[in-house]
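Predicted model and sequence below, questions to follow.
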Amino acid sequence: MATLDEERAYVERCKDGLRRMLKDARDNVIVGETVAGDRYSAERLGRHLKSLAKELSEAPEGPPFFGRLDFGHDPGEHRGRAYHIGRRHIAGEHGGTPVVVDWRAPVARAFYRASARDPQGVAVRRRFGWSGTTLTSFEDERLGQGEQGESRILAAEIERPRVGPMRDIVATIQPEQDDLVRAGLDTSLCVQGAPGTGKTAVGLHRAAYLLYAHRRRLERSGVLVLGPNRAFLGYISAVLPALGEMDVEQTTLERLLATVPVTAADAPATAAVKHDVRMAEVLRKALYGRIGKPVEPVAVPDGSYRWRVYEDELRRIVDDTRRASLPYAVGRERVRARVVEAVRRQAESRGAIPNAAWLRKIGRAVTTWLDTVWPAVKPVQVLYEVLRGPTGDAPDPARGLLTDAEREALTWARPPRSVKTAKWSAADLVLLDEVAGLIDRPRGYGHVIVDEAQDLSPMECRAVARRSEHGSLTVLGDLAQGTTPWAATSWEDRLAHLGKPDGQVVALTTGFRVPAAVVDLANRLLAALEVRVPETRSYRSDGRLRVTPVTGLGKGVVAAVREAMTFEGSIGVIAADADVPALTAALRDEGLDEDERLSVMPATLCKGLEYDHVVVAEPAAIAEAERRGLNRLYVALTRAVSRLDVLHARPLPRQLAA
Ligand SMILES: Nc1ncnc2c1ncn2[C@@H]1O[C@H](COP(=O)(O)OP(=O)(O)OP(=O)(O)O)[C@@H](O)[C@H]1O
């Protein structure tokens with residue numbers, strides 16, 4: 001087996017390999033632009049090579065490999081061979097064996113899955129320890145000889161003090177996580193996992209894996225990652241680029257749906273109705289209620305003659321088209337086409353030979369009539385009319401679907417004078433998207449990853465479903481962390497709204513963030529959260545938990561942060577939103593400004609984030625601040641990687657004190 005010096009020499013080979021790849025890519029850019037047969041291929045090839053050259057030159061410099069597999073002498077494809085495994089492939093000279101194999105390649109799978117019980121042909125698995133870009137150590141497991149132990153390098157990685165944004169976990173993906181990361185592109189998954197079990201990490205690595213295994217398909221259709229808020233996206237946004245994947249769209253659902261600015265806020269009762277799945281039917285009725293019944297013939301002039309299509313035929317055309325369940329805008333064009341067709345038949349029976357220009361002219365001449373029976377419409381107009389409530393003798397699309405109280409909550413107390421002056425709320429964006437989706441199909445993605453999915457309302461789920469109708473989904477969440485009024489209490493129901501009722505629900509049960517003592521404290525709340533989730537165990541027996549009564553919250557927080565500063569790693573002070581300004585001021589007065597290390601986070605924004613040291617200030621205030629305050633507190637308590645300080649000037653919530 002290679003010694004540490006030999007492995008260090010191998011690092012140099014990797015660097016040479018990368019330099020060679022970069023030079024080849026650059027040379028090829030020049031050649032590719034001139035050599036291809038036609039301009040189109042030259043351009044495509046040139047673009048591909050340029051982006052490869054760019055990617056290689058911009059790739060962050062990190063350790064070129066993190067593992068090595070030495071296969072034994074059992075018969076098999078890899079018999080007697082050795083592979084270094086890294087974040088990206090490094091090509092061998094003259095197309096020979098790669099210097100480094102991409103972690104996503106099939107052969108690399110054994111690095112994550114082989115065990116003493118099932119060595120999968122691997123004689124030795126080696127893990128490398130690095131300090132920056134310097135190779136410092138390695139440890140071997142002789143799986144072929146039945147030897148497998150706790151890895152210090154693995155433990156150190158998991159217990160590493162956190163600073164800055166989230167990092168990839170390619171070197172230490174666990175078997176139960178690897179199963180999910182490498183699930184096929186056609187599989188829709190729902191991962192239920194307690195805090196810190198690696199759901200987000202799994203979702204991001206799954207995106208990277210799918211892009212590797214199905215590059216062609218996904219480059220065309222795209223991969224979308226949806227997160228709960230900007231702070232969260234900021235936290236996770238560097239992971240995929242570090243894995244060489246620059247083209248994944250990462251955003252929030254609100255931003256994805258933002259066709260109008262949000263300038264209004266809904267009362268809770270109004271938001272509850274707007275997020276209820278019955279709204280889908282209300283909006284469908286409101287849209288399709290615009291379609292009229294032809295009651296008289298339509299006369300279509302072509303300049304020299306007025307053609308006529310009679311109401312019986314028109315009615316048949318409209319009814320047939322309605323039954324075809326096409327998107328509304330497609331239906332409108334279908335009706336137009338069929339009327340044009342009827343006119344064409346008449347013209348032909350009179351001996352005319354209609355050409356394309358004549359047919360287009362007839363199509364235009366039909367528009368005025370079409371506007372009366374199947375009018376063109378914009379989503380804002382439809383929603384405006386629904387929120388304004390029924391006028392005159394127009395039918396109310398909500399009748400029979402919503403109760404009187406719900407209809408009242410839904411409609412504007414003071415309707416704006418026109419659609420132009422209407423102000424829209426965040427929930428309205430979801431409703432507008434529903435209408436837009438009825439009018440025309442939105443752009444779909446090959447794969448969509450939705451994080452913190454327990455918080456999506458049924459209507460929001462439908463917006464996601466429209467974008468993954470022809471693709472697959474990875475749904476990540478924890479029922480216990482649901483904080484919206486419409487948060488899920490079962491995954492089956494949400495998967496149905498997400499359009500994947502057969503999606504597989506899988507639980508992750510080992511926590512990699514939160515130390516065992518902190519998990520025990522947070523778990524006291526579980527019984528009160530009214531959701532059934534599987535038990536988890538923490539991988540970490542280290543860490544520190546302190547629950548401290550204080551007389552003044554500001555003073556207590558300052559002291560706790562001062563002490564936290566003596567350790568390495570990030571510090572997050574989490575408090576009820578209303579307490580944040582006072583605590584920020586108290587810290588600032590003592591010279592403790594927010595910076596890269598220190599953040600003061602409103603409890604409503606801390607979901608999905610983690611800090612090395614967390615100070616939770618006044619749990620009772622967090623619990624009281626909203627209807628699902630205990631769920632929020634559960635989220636806040638589970639953000640800590642190494643140490644958690646719980647400070648309380650008031651008694652702890654009863655459920656926590658137990
Ligand atoms: N296999 C692993 N190796 C090393 N670190 C890991 C591994 N799995 C997860 N982690 C780390 O554990 C922490 C929690 O992971 P992640 O944020 O993905 O969990 P989560 O289940 O999404 O948590 P939450 O529900 O609280 O948002 C992260 O720092 C992540 O890097």
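Cool, got the structure. What you see is a predicted model, and the numbers here were worked out from it, not measured in a lab.

nearest spatial neighbour of P390, skipping sequence neighbours?
The shortest distance from P390 to any non-neighbouring residue, by C-beta to C-beta, 6 or more residues apart in numbering, is to D396 (4.0 Å). The way it works is simple: take the backbone N, C-alpha and C, and place the C-beta from them, glycine included.

Show me what the longest helix along the chain packs onto, helices and strands only.
If you go by DSSP state H, the chain has its longest helix at helix 4-35. If you count contacts as 3 or more C-beta pairs under 8 Å, 6 or more residues apart in numbering; DSSP states H and E, helix 4-35 packs onto helix 39-58, strand 82-86, strand 134-141.

let's go with 10 Å and repeat that
Secondary-structure packing of helix 4-35 (3 or more C-beta pairs under 10 Å, 6 or more residues apart in numbering; DSSP states H and E): helix 39-58, strand 82-86, strand 122-131, strand 134-141.

Report the contact partners of V170.
Shown in contact with V170 (C-beta atoms under 10 Å, 6 or more residues apart in numbering): 66-67, 85-87, 102-104, 108, 111-112, 181, 201, 205, 208, 239, 242-243.

any chance you could read off phi and psi for it?
Backbone torsions for V170, taken as degrees, to the nearest 10, come to phi -50, psi -30.

again, but for V298
Backbone torsions for V298, taken as degrees, to the nearest 10, come to phi -110, psi 130.

if we can go back for a sec, for the ligand, see how far away the residue nearest to P390 is.
As judged by C-beta to the nearest ligand atom, to the nearest Å, D396 and the ligand stand 42 Å apart.

That residue: how many residues sit nearby?
By other C-beta atoms under 10 Å, 18 other residues sit near D396.

same check, this time on P651
For P651, the count of nearby residues is 11 (other C-beta under 10 Å).

Then F65?
For F65, the neighbour count with other C-beta under 10 Å is 25.

That one and L18 touch, don't they?
No. Using C-beta atoms under 10 Å, F65 is not in contact with L18, being 11.7 Å away.

Quick check: neighbours shared by the two?
Common contact partners of F65 and L18 (C-beta under 10 Å, 6+ apart): 88, 90, 99-100.

Tabulate these (TSV), appending pLDDT.
Below are those laid out as TSV (pLDDT from 0 to 100):
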residue	pLDDT
R88	89
I90	91
V99	94
V100	95
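
quick check, nearest of these to the ligand?
R88 (18.9 Å; C-beta to the nearest ligand atom).

A helix includes the closest one, no?
No. Assessed by DSSP: H, G, I helix; E, B strand; the rest coil, R88 does not belong to a helix; its assignment is coil.

Identify the residue nearest it in space, chain neighbours excluded?
Excluding its sequence neighbours, the residue lying closest to R88 (C-beta to C-beta, 6+ apart) is G244, at 5.2 Å.

Likewise for P442?
With sequence-adjacent residues excluded and distances taken as C-beta to C-beta, 6+ apart, P442 is closest to R466, at 5.4 Å.

surely the one you found meets R443?
Yes. If you go by C-beta under 10 Å, R466 and R443 touch, sitting 9.4 Å apart.

neighbour count winner among those two?
Set R466 next to R443 and count neighbours by other C-beta under 10 Å: R466 wins out with 18 against 9.

so that one, which of the three states?
Three-state assignment for R466 (three-state DSSP): helix.

L647 now?
Classified using three-state DSSP, L647 is strand.

Measure how buried it is and give me the count.
22.

dump the residue contacts of it.
By C-beta under 10 Å, 6+ apart, the residues touching L647 are 546-550, 553, 555-557, 559-560, 573, 575, 615-619.

Just the buried ones from the residues you listed?
For the contacts of L647, a burial check counting by 16 or more other C-beta atoms under 10 Å picks out 550, 553, 556-557, 559-560, 573, 575, 615-619.

can you tell me which two in these are farthest apart?
Comparing all pairs in the buried ones among the contacts of L647 by C-beta to C-beta, the longest separation belongs to A559 and P619, at 17.7 Å.

all strands of the stretch 151-300 of the chain, in order?
Secondary structure of the stretch 151-300 of the chain (DSSP state E, counting those that start in this stretch): strands located at 189-193, 223-227, 249-252, 298-301.

Same list (those strands) but as CSV, adding mean pLDDT and mean neighbour count.
Formatted as CSV, the strands of the stretch 151-300 of the chain follow (pLDDT from 0 to 100; neighbours: other C-beta atoms under 10 Å):
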stretch, mean pLDDT, mean neighbour count
strand 189-193, 96, 24
strand 223-227, 96, 25
strand 249-252, 95, 16
strand 298-301, 89, 17
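
Out of those strands, flag the one nearest the ligand.
Nearest of the strands of the stretch 151-300 of the chain (C-beta to the nearest ligand atom): strand 189-193, 4.7 Å.

List the buried residues for the helix or strand where E434 lies?
Assigned by DSSP states H and E, E434 belongs to helix 426-439. By 16+ other C-beta under 10 Å, the buried positions in helix 426-439 come out as 426-439.

filter the residues you listed down to the ones near the ligand?
Among these, no residue lies close to the ligand (C-beta under 6 Å from any ligand atom).
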